[in-house]
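Asker: Need coordinates for the following:
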Amino acid sequence: LALLLILTSKEELRKVSKGDQIMEKVVNKLENLSSGYLLSDAELEAFDEYEKKTLKEEGIEEGKREVAIKMHNKGLDIKTIIECTGLSQEEIENIISSIN
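Answerer: Alright, predicted model coming up:
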């Protein structure tokens, strides 16, 4: 989300937001803002909700990674880690290889 505030071109903004309707609306409004328009209260609220959702999802994923590392360090097998975290085998193998 903070990335949107440091991108310098409309093309970069479009690339980052592609496929996410809320973010595409935010980018449209940011472009309008640069032309002198202000975001409405509803648009600001939608932006805040998106930010909260994104941060929550990122926190959950980071928590899963931390749990996977702890489980690995305790000697649990990958199958058990998959069952407990919901991460894929590839994700777990990447996590394990990054700590070794």
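Asker: residues in contact with the helix or strand hosting residue 94?
Answerer: Element membership of residue 94 [criterion: DSSP states H and E] is helix 89-99. Judged by C-beta atoms under 8 Å, 6 or more residues apart in numbering, the contacts made with helix 89-99 from elsewhere in the structure are 65, 68, 69, 72, 78, 81, 82, 85, 87. Quick note: C-beta positions are derived from backbone N, CA and C, even for glycine.
Asker: and the next element down the chain from the strand or helix carrying residue 45?
Answerer: Taking DSSP H and E as the criterion, the element that holds residue 45 is helix 41-73. Along the chain past helix 41-73, the next helix or strand (assigned with DSSP H and E) turns out to be helix 78-85.
Asker: Low-confidence regions, this structure specifically.
Answerer: Applying pLDDT under 70 to the chain flags residues 1-11, 13, 32-39.
Asker: buried subset of the contacts of helix 89-99?
Answerer: The neighbour count (16 or more other C-beta atoms under 10 Å) marks 65, 68, 69, 72, 81, 82, 85, 87 as buried among the contacts of helix 89-99.
Asker: so who does the fourth one touch?
Answerer: Applying C-beta under 8 Å, 6+ apart to residue 72 gives the contacts 81, 92, 95, 96, 99.
Asker: any idea how far the second one lies from residue 20?
Answerer: Taking C-beta to C-beta, to the nearest Å as the measure, residue 92 and residue 20 are separated by 27 Å.
Asker: Compare those two (neighbour count), which wins?
Answerer: residue 92 (21 against 13; other C-beta atoms under 10 Å).
Asker: Distance check, that one against residue 99.
Answerer: Separation of residue 92 from residue 99 (C-beta to C-beta) stands at 11 Å.
Asker: before we move on, back to that, most widely separated two among the buried ones among the contacts of helix 89-99?
Answerer: Using C-beta to C-beta, the pair of the buried ones among the contacts of helix 89-99 lying farthest apart is 69 and 82, separated by 14.0 Å.
Asker: State the number of residues packed around residue 16.
Answerer: Other residues within reach of residue 16, judged by other C-beta under 10 Å, total 15.
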